[in-house]
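> just need the structure, nothing else, for what follows:
(one chain, ligands or ions: 1)
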Amino acid sequence: MSQTTPISPVIIALDFAVRAELDALVDQLDPSQCRLKVGKELFTLFGPEIVKALQQRGFEVFLDLKFHDIPNTTAAAVAAAAELGVWMVNVHASGGAKMMSAAKSALLPYGKDAPLLIAVTVLTSMHSDDLVAIGVNADAPSQVSRLAALTADCGLDGVVCSAQETPILRAQNPEEFLLVTPGIRPVGSALGDQQRVATPVDAMAMGSNYLVIGRPVTRSSDPLAALKEINQSLGC
Ligand SMILES: O=C(O)c1cc(=O)[nH]c(=O)n1[C@@H]1O[C@H](COP(=O)(O)O)[C@@H](O)[C@H]1O
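Predicted coordinates:
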C-alpha cells in the first residue's frame, strides 16, 4: 500500500508492550490523521516486522531508536533503517560531529528515498539540573542550541528538542530545518516523566514542525477522540 501523507503534524508514539493493545489503537487510526513512531520498546519486542505492518497500513513511520555509537556502527544502523523504508530516523547529537556526518553519508545512496535524519538534543525529560549532574555546564536551552548548531553543520534534516527551545532554534536555523518536539501535553494532561513541556497549540505557535505525542492519546480512555481533539485544536 502506498503511504498517505497526513495533513496533521502529530506523530503518535506507539509505546506498547502488548501487541493486542497496539493493534486495537492502530485499527482506529487513519494515515491521514497522524504519523506513527516506533520506539525502543516496540522495536525490541516485535522488530522490523512491526514497522512493515504499519507501513502496509499506509502509515509513515518514525523509527525512534536514538542511535548513539561509534560512527561506523551508527552509519550502518541508519542505513538499515533506510532499507526498512522508514520516513524518519534519529541519532543522539551528543554522539558528536563524526558520528552524525557518518550517519548522513550512509544515507546518500538512497537519494530522495532516504529517511529524514534528525538528532536528539537534550531529552525532554531533563531539566538544567540534570545536565549539571552529567557534567554539562550549560542550561537546557544553551545545550540544545549548541547541539542543534552541530547537527545543522553535519547536514542533518533537523533536531528533536522541547517546544520551549523552538523560538531560539527557529531564529538560528533556516525554515527547512525540522524541529520535532516531544513533551507535548494538552491542557490537563499528566506530565508523567516529561519536564520541558508545551501544549500542542503553543508548540506549533512557537515553531515546531512535528509534535510527538504518546500517553495523552495512547493512554486516553478514547484515543481516537483525544487525537481528533488535538488535530481540531491545530486546525487540521
Ligand atoms: O526522540 C523522541 O521521540 C523523544 C525525545 C525526547 O527528548 N523526549 C521524548 O519523550 N521522546 C519520545 O517521545 C515520546 C513521548 O511520549 P509521551 O511522554 O507519552 O507523550 C516517547 O516515545 C519518547 O521516547
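
> grab the nearest non-local neighbour of the residue of the chain found nearest the ligand.
Minimum separation of the chain from the ligand (C-beta to the nearest ligand atom) falls at residue 214, amounting to 2.5 Å. C-beta: built from backbone N, CA, C; applies to glycine. Residue nearest to residue 214 in three dimensions, not counting chain neighbours: residue 13, with 3.3 Å by C-beta to C-beta, 6 or more residues apart in numbering.

> pretty sure that neighbour contacts residue 180?
No: between residue 13 and residue 180 there is no contact under C-beta atoms under 8 Å: 11.5 Å.

> show me whatever sits in contact with both of those two.
Shared contacts of residue 13 and residue 180, defined by C-beta atoms under 8 Å, 6 or more residues apart in numbering, comprise residue 212.

> so between the two, which is more surrounded?
residue 180 (26 against 22; other C-beta atoms under 10 Å).

> pLDDT below threshold where in this structure?
Applying pLDDT under 70 to the chain picks out residues 1-4, 6.

> gap between residue 52 and residue 119?
In this view, residue 52 and residue 119 are 25 Å apart by C-beta to C-beta, to the nearest Å.

> settle it for me: which of the two has more neighbours?
Higher neighbour count among residue 52 and residue 119: residue 119, with 30 against 13, using other C-beta under 10 Å.

> what pairs with the helix or strand harbouring that one, parallel or antiparallel?
Applying DSSP states H and E as the criterion places residue 119 in strand 116-120. As defined by DSSP bridges, the strand partners of strand 116-120 come to strand 88-92 (parallel), strand 158-160 (parallel).

> could I get these as a markdown table with distance to the ligand?
As requested, the strands paired with strand 116-120 are exported to a markdown table (distance: least, C-beta to the nearest ligand atom, whole Å):
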| stretch | distance to the ligand |
| --- | --- |
| strand 88-92 | 6 |
| strand 158-160 | 4 |
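
> make JSON lines out of the ones you listed and add distance to residue 79 and mean neighbour count.
Formatted as JSON lines, the strands paired with strand 116-120 follow (distance: least, C-beta to C-beta, whole Å; neighbours: other C-beta atoms under 10 Å):
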{"stretch": "strand 88-92", "distance to residue 79": "10", "mean neighbour count": "25"}
{"stretch": "strand 158-160", "distance to residue 79": "19", "mean neighbour count": "27"}
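
> could you pull up the contacting residues of the residue nearest to residue 214?
37, 39, 64, 182, 212-215, 218.

> out of these, which sit inside strands?
37, 64, 212-213 (DSSP state E).

> possible to save these as CSV with neighbour count and distance to residue 97?
Converted to CSV, the ones in strands among the contacts of residue 13 look like this (neighbours: other C-beta atoms under 10 Å; distance: C-beta to C-beta, whole Å):
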residue, neighbour count, distance to residue 97
37, 25, 26
64, 25, 22
212, 23, 25
213, 27, 31
